[in-house]
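Chemist: one predicted model, sequence on top.
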Amino acid sequence: FLKSNETKYRLLRTIAQGIIGVFIANVDILVEGLVIPSEYKTMIVAMVMAVLSPIMSELGKEGDD
C-alpha cells in the first residue's frame, strides 16, 4: 500500500489521508465542549493531508535500504 507508486495505490493513499483529515476536523462532534468553527475545518483537512503525505512517503521508503 505504501511502497507501490501505481495509480490505484496513490489514489488509496490520498483517500485515506482525506478520511483522516475529515475525522480530525470533525472531532468537535465527538468531544463535548470542543468547538471548531466551520471556516477552519477545510484548512484543518488540508494541513492534515500536507503532514500525512511526507510521513506516508517515508514509511514507504522504510526497508528499502
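Modeler: On my side now, so go ahead.
Chemist: buried stuff in whichever strand or helix holds Ser53?
Modeler: Mapping Ser53 onto the secondary structure by DSSP states H and E places it in helix 38-61. By neighbour count on 16 or more other CB atoms under 10 Å, the buried set for helix 38-61 is 41, 44-45, 48-49, 52, 56, 60. In short, each C-beta sits where N, CA and C put it, glycine included.
Chemist: what about the nearest residue to Met49 once chain neighbours are set aside, how many neighbours?
Modeler: The shortest distance from Met49 to any non-neighbouring residue, by CB to CB, 6 or more residues apart in numbering, is to Gln17 (4.5 Å). Residues lying near Gln17 (other CB atoms under 10 Å) number 19.
Chemist: ok, back up a step: what lies in contact with the helix holding Ser53?
Modeler: Under the contact criterion CB atoms under 8 Å, 6 or more residues apart in numbering, helix 38-61 has outside partners 2-3, 13-14, 17-18, 20-22, 24-26, 36.
Chemist: what does Ile24 show for phi and psi?
Modeler: Per-residue torsions, Ile24: phi -70, psi -40 (degrees, to the nearest 10).
Chemist: Lys8 versus that one, what's the distance?
Modeler: With distances taken as CB to CB, to the nearest Å, Ile24 is found 25 Å from Lys8.
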